[in-house]
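Participant: for reference, the sequence and a predicted model appear below.
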Amino acid sequence: MTADNEKAAPRPGDSYVQSFARGLEVIRTFSSAAPQQTLTEVAGRSGLTRAGARRILLTLQTLGYVETDGRQFRLTPRILDLGFAYLSSMPIWNLAEPVMEGLVDRVKESCSAAVLEGTDIMYVLRVPTHKIMRINLGVGSRLPAYCTSMGRILLGSLPDEEVERRLASATLEARTQHTLTRVEDVLTRVRQARDQGWCLVDQELEEGLISMAAPVVNRNGRVIAALNISGQANRSNAFDMQNRMLPHLLQAAQSISRMVGTPRA
């Protein structure tokens, strides 16, 4: 480990509980690609010893967050309590859902809300019409920020130097023939989204998928989330989608922003 890495790495102490951090790492090893794992697999993905991973898994099992058949471990539905604790502490999502449902009813396309997590966006609410992506999305799902409309809106809320830092640490892969993979090109689109107050991404995440996003801001004008609608290119091209749906999207994002900014008793 280099001196820089040693300086940057968190150390156990009064402000850092290493065992808790390791427990979160174990939870994060489970995903749609690895819904159930052996002890060896959990240890490998978390970077822990088998003994360390076993202690954490058994603790999670005792608490009801993990179950096992004796060989394979899997998360239980109780793990959703951790995510719902965040959602229930943010009244914005309770306010946003009926607005999003109204938007879906008007444009007949799926609508989602997301926040920025490092180099990814994380879905916090989704109102689908029908399945339009090969990727299964739901609350807690992550997608890369660099090639998504919500990601570019959320990145646009950051200073350019922070955007560059995050893009430099991400893997900018060509997910389709349309995907921008140069930091400079993505930064240009992020700046464009910031300046115009909305973003359209045409088939960069997945072939045939077009999405538009707009920011949700709090009473201080800070971007706290992004709202988007997604559609298929074989039903509506980017130009038509922008003309028909952008006004409705902007109106919905502004409605949610006004509610977020209204003091509640």
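Facilitator: Looks like it arrived, so ask away.
Participant: quick one: low-confidence parts of the stretch 51-200 of the chain?
Facilitator: Counting by pLDDT under 70, the ranges of the stretch 51-200 of the chain that qualify are 84-92, 130-137.
Participant: which residues in it form helices?
Facilitator: Listed from the start of the chain, the stretch 51-200 of the chain has helices (DSSP state H, counting those that start in this stretch) covering 80-88, 91-107, 149-155, 160-169, 183-196.
Participant: in the longest one, what counts as buried?
Facilitator: Under the neighbour-count criterion of 16 or more other CB atoms under 10 Å, helix 91-107 has I92, W93, L95, A96, E97, V99, M100, G102, L103, V104, R106, V107 buried. For the C-beta atoms, the positions are set from N, CA and C on the backbone; glycine is no exception.
Participant: stretch 215-232 too?
Facilitator: Along stretch 215-232, the positions that meet the burial threshold by neighbour count (16+ other CB under 10 Å) are 215-217, 223-232.
Participant: which of those residues fall within helices?
Facilitator: With helices taken from DSSP state H, there is no overlap with the buried residues of stretch 215-232.
Participant: from those residues, which single one is nearest G140?
Facilitator: Nearest to G140 among these: A225, at 14.6 Å, using CB to CB.
Participant: what's across from the closest one in the sheet?
Facilitator: With DSSP bridges as the criterion, A225 is bridged to V216.
Participant: show me what contacts it?
Facilitator: Neighbour list for A225: I92, A96, A113, A114, V115, V124, L154, P215, V216 [criterion: CB atoms under 8 Å, 6 or more residues apart in numbering].
Participant: farthest pair within these?
Facilitator: Within those, A96 and L154 form the most distant pair, 15.3 Å apart (CB to CB).
Participant: assign a three-state SS to R235, would you?
Facilitator: When the structure is split into helix, strand and coil by DSSP: H, G, I helix; E, B strand; the rest coil, R235 lands in coil.
Participant: lovely, talk soon.
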